[in-house]
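*Asks:* Pasted the sequence and its predicted model underneath.
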Amino acid sequence: MSEDVKTVLREYIAQSPILRSPGALTDSTPLAAYGILDSIAVLELVLFLEERFGIEFSARDLDRRRLETIEHIAGLVRAKLAQKQAASGGLGK
């Protein structure tokens, strides 16, 4: 699952008009420092992820440190998916 989340993130971020060299994007690239994720881009990304994975982010989840890299974002999405599965009784609903 984690690679699927990372792949989705890489594909989404690679479409950014700011990203000049998608090949240089790694799981540990600091997205805000490279200008890839500003405040508006973060909101767009969060809305995309909520819709794509059927999860909801809280205000606490939007802390810049949690959204610093693809690895961090993927971890947050995996945690949200696990919470969703646990809340549905683990039946994969």
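*Replies:* Received it, and whenever you're ready, just let me know what you need.

*Asks:* May I have the secondary structure class of the residue nearest in space to the middle of the chain?
*Replies:* Nearest to the mean C-alpha position of the chain, by Cα atoms, centre = their mean, lies Ile73 at 3.9 Å. Secondary structure for Ile73, judged by DSSP: H, G, I helix; E, B strand; the rest coil, is helix.

*Asks:* From Asp27, how far out is it?
*Replies:* In this structure, Ile73 lies at 10 Å from Asp27, with Cβ to Cβ, to the nearest Å as the measure. For the C-beta atoms, the positions are set from N, CA and C on the backbone; glycine is no exception.

*Asks:* Identify the contacts common to those two.
*Replies:* Residues touching both Ile73 and Asp27 do not exist when contact is defined as Cβ atoms under 8 Å, 6 or more residues apart in numbering.

*Asks:* quick one: low-confidence parts of this structure?
*Replies:* Counting by pLDDT under 70, the low-confidence segments of the chain come to 1-3, 18-23, 90-93.

*Asks:* where does Pro17 land in three-state SS?
*Replies:* Secondary structure of Pro17, reduced to three states by three-state DSSP: coil.

*Asks:* What's the first helix or strand after the helix or strand where Leu9 lies?
*Replies:* Assigned by DSSP states H and E, Leu9 falls within helix 2-14. Beyond helix 2-14 in the direction of the C-terminus, DSSP H and E gives the next helix or strand as helix 39-53.

*Asks:* helices or strands up against that following helix?
*Replies:* In this structure, helix 39-53 makes packing contacts with helix 2-14, helix 70-87, judged by 3 or more Cβ pairs under 8 Å, 6 or more residues apart in numbering; DSSP states H and E.

*Asks:* How much space separates Ala32 from Ala79?
*Replies:* Distance check for Ala32 against Ala79: by Cβ to Cβ, it reads 20 Å.

*Asks:* residues contacting the residue nearest to Leu37 when sequence neighbours are not counted?
*Replies:* Closest residue in space to Leu37, ignoring its immediate chain neighbours: Leu31 at 4.2 Å, by Cβ to Cβ, 6 or more residues apart in numbering. With contacts defined as Cβ under 8 Å, 6+ apart, the neighbours of Leu31 are 13, 37, 67-70.
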